[in-house]
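# no letters, just coordinates:
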């Protein structure tokens, strides 16, 4: 078991926010950090992928914002979060294994730009992290979801390196996709994430910025632990 920083003797544990674009290693680092601390790992991106999965199942166009907005009250989401694994249920069905396909990933990027979707998911995310002792990762965690998070990080990396990492993940998962297409998809997602009107991708003013281009995940976690320890 990991060390429970800030949660000994009945203390409320920390809320740690990790933001950054795709391919910087947020998910891997967040899982490792949560395990190290004995904290809950909250993958907020999985919630947006879950909505995208529901939109696809309903046969809706990502451009039909009115229909997607109307779909939200009819949707139930549940997450079973652990330090290493997150299971996502949509309307009672475990869809975890279907959320990281290229199709759902691309759709999630478009769906996440819809203000109504972000508003609908905001209380869901906050409820999960309300009790503290959580490592939450996403794109607007430190700026919007948990603006008063105890510690915030913003990860960044070279675009080619990020595309290479993403392409390697897709190939390992059995998806047939060209590197050039992966890079185009990633660049397009960056543009959408940074330009959306609600919760755009940007570092919080008080976030510690870490460039992960040349660092393995374990080294990133060590840097984070140094920051966490220094602020306690």
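All right, it came through fine. Being a predicted model, the structure only gives us computed values, none of them experimental.

# quick one: contacts for residue 223?
By Cβ atoms under 8 Å, 6 or more residues apart in numbering, the contact set of residue 223 is 210, 215. In this view, the C-beta of every residue, glycine as well, is placed from N, C-alpha and C.

# quick one: mean pLDDT for the helix or strand hosting it?
Using DSSP states H and E, residue 223 sits within helix 217-231. The pLDDT scores in helix 217-231 average 95.

# what does stretch 161-178 give?
Rounded mean pLDDT across stretch 161-178 is 87.

# need the pLDDT of residue 193.
For residue 193, pLDDT reads 84.

# list the contacts of it.
By Cβ under 8 Å, 6+ apart, the residues touching residue 193 are 21, 109, 112, 113, 139, 200, 201.

# any buried residues in the lengthiest helix in the chain, and which?
Secondary structure of the chain read by DSSP state H shows that its longest helix is helix 179-195. Neighbour-count burial for helix 179-195 flags 182, 183, 185, 186, 189, 190, 193 (criterion: 16 or more other Cβ atoms under 10 Å).

# and if you look at stretch 111-128?
111, 112, 113, 114, 117, 118, 120, 121, 122, 125, 128.

# which SS state does residue 17 fall under?
Classification of residue 17 using DSSP: H, G, I helix; E, B strand; the rest coil returns strand.

# sorry, that was for residue 165
helix.

# please name the nearest non-neighbouring residue to it.
residue 23 (4.8 Å; Cβ to Cβ, 6 or more residues apart in numbering).

# helix, strand or coil for that neighbour?
At residue 23 the chain is in coil, as set by three-state DSSP.

# thought it was touching residue 160?
No - with contact defined as Cβ atoms under 8 Å, residue 23 does not reach residue 160; the gap is 9.8 Å.

# and those two? Which one has more around it.
The neighbour count for residue 23 versus residue 160, taken as other Cβ atoms under 10 Å, is higher for residue 23 (26 against 13).

# so what's the more buried one up against?
Taking Cβ under 8 Å, 6+ apart, we find residue 23 in contact with 157, 161, 162, 163, 165, 166, 186.

# among those residues, who's most crowded?
Neighbour tally across these (other Cβ under 10 Å): the maximum, 24 neighbours, falls on residue 162.

# mind pulling up the phi and psi values for it?
phi -60, psi -40 (degrees, to the nearest 10).

# give me the distance between it and residue 20.
Here the distance between residue 162 and residue 20 works out to 9 Å (Cβ to Cβ, to the nearest Å).

# and what of residue 201?
8 Å.

# got any residues that touch both of these two?
By Cβ under 8 Å, 6+ apart, the residues touching both residue 201 and residue 20 are residue 139.

# what segments of the protein are strands?
Secondary structure of the chain by DSSP state E: the strands cover 15-19, 40-43, 77-81, 86-90, 93-94, 134-138, 151-156, 208-211.

# contacts for the second one, please.
This points to strand 40-43. Counting by Cβ under 8 Å, 6+ apart, 27, 30-31, 34-35, 79, 81-84, 86, 125, 128-129, 133-138 sit against strand 40-43.

# if we can go back for a sec, any chance of the contacts of residue 193 in JSON lines, plus distance to residue 48 and pLDDT?
Rendered in JSON lines, the data for these read as follows (distance: Cβ to Cβ, whole Å; pLDDT from 0 to 100):
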{"residue": "21", "distance to residue 48": "14", "pLDDT": "92"}
{"residue": "109", "distance to residue 48": "8", "pLDDT": "86"}
{"residue": "112", "distance to residue 48": "4", "pLDDT": "89"}
{"residue": "113", "distance to residue 48": "10", "pLDDT": "88"}
{"residue": "139", "distance to residue 48": "9", "pLDDT": "91"}
{"residue": "200", "distance to residue 48": "14", "pLDDT": "87"}
{"residue": "201", "distance to residue 48": "13", "pLDDT": "89"}
